[in-house]
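In: Provide a 3D model corresponding to the input given below.
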Amino acid sequence: MTALLVALLATGPCVYWTQGVDSKPALDAARVTQLCVPAEGAEAWTATGMTVLAVTPTELAGREALPVPGVVARAGVASPTRAPWIVANGWRTVRNPAAKYLYTVPAGKGALAAAEASAYGLDAVLQIDPADLPAVGSILTFAAGLPADDLPLAADFAIVDDGTDVTGEVMNLLARRNLLFARVTAGSSTYPLTIAIGSPAYPAADAADPSAFAQKVRAQLTDARRTLRIFGSEVVIGRLASNGSRARLQLINYGGRDIEGLRVRVRGTFRTIDASLPDEGKVGVTDVTVTDGATEFSLPRIAVYAVIDMK
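Out: Reported below is the predicted structural model:
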């Protein structure tokens, strides 16, 4: 097999497909045009006109395996007032953005994995259940069709990443609460607040309870100064990029059910708000208000993934 027989994939996630070329009609129906395939099948797939990347077992095993995203039950926790336990991998990819990742997900989770990988721009291989192919194809087609975006990521404060599990779990809780942070490896004067676990201001003992620690950070930051707030759901996580005059907000719903009337607040004054959903294209937002230097609006619904461009 020559290198010319295997085209390079576009940047972003790809579906790992082990079925033979007779399954191409299913891929066409799902609008999947590029694949990661076992090396021994790459030549046959290339001959069909599909863009493929050969993946060896060694390469697959060398990728960082990510937990299955979603909401999981916690043993011994039955109270309906408890916040849902979200498994989300965004904080992991902020910690190691250059890594190559692997999702191995059961039926029903493929679309969520595809949305997460697309929102964070991951070099990710998606091992999915074939039943999820249409939903995954919908997400990947939608993400590939988005206009190019070179906006910087928004952050309200910095956290010094010392590489420890404790700091990682704090980053996890901060991300799940939509508290936007920048990862730094040393103290920074760029942000009004820099968190260094183990410093006098942020003792390691405090971080032993990451949830309480995240609440402490939120109180110090104050909600009024937050660049992003999401109301009406504890299972939607946003990834926001903005230069002040333009912004792109990507929303991921980890809850497994459609959400209607999600309320969003983004700091900045935006007069045009274009919200788009997979398979639906642009949808109108409602109840738009611009007050106190922030723009609020309601998204009519979100299944798994939504992208909002503002200017």
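In: drop to CA atoms for contacts and neighbour counts, all remaining ones
Out: OK.
In: what about Lys24, which helix or strand?
Out: helix 24-29 (DSSP states H and E).
In: Same check on Asp287?
Out: Secondary structure (DSSP H and E) places Asp287 in strand 286-291.
In: what's in contact with that strand?
Out: Residues from elsewhere that reach strand 286-291, judged by Cα atoms under 8 Å, 6 or more residues apart in numbering: 269-270, 295-300.
In: May I see those residues arranged in CSV, with distance to Leu35 as well?
Out: Listed next are the contacts of strand 286-291 as CSV, based on distance: Cα to Cα, whole Å:
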residue, distance to Leu35
Thr269, 41
Phe270, 38
Thr295, 40
Glu296, 39
Phe297, 37
Ser298, 36
Leu299, 33
Pro300, 33
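In: Phi first, then psi, for Ser298.
Out: phi -110, psi 140 (degrees, to the nearest 10).
In: ok, now Arg226?
Out: phi -70, psi 140.
In: Look up the closest residue to Leu140, ignoring the ones flanking it.
Out: For Leu140, ignoring the flanking residues on the chain, the nearest one in space by Cα to Cα, 6 or more residues apart in numbering is Ala114 at 6.7 Å.
In: so the one you found, which of the three states?
Out: Secondary structure assignment for Ala114 (DSSP: H, G, I helix; E, B strand; the rest coil): helix.
In: Next one: it from Phe142, what distance?
Out: Counting by Cα to Cα, to the nearest Å, the gap from Ala114 to Phe142 is 11 Å.
In: Please apply the same query to Asp161.
Out: For Asp161, the distance to Phe142 - Cα to Cα - is 33 Å.
In: Please apply the same query to Arg63.
Out: Distance from Arg63 to Phe142, by Cα to Cα: 25 Å.
In: Asp209 now?
Out: From Asp209 over to Phe142 (counting by Cα to Cα), the distance is 39 Å.
In: quick one: which of these two has more around it?
Out: Using other Cα atoms under 10 Å, the more surrounded residue of Asp209 and Phe142 is Phe142, with 21 against 13.
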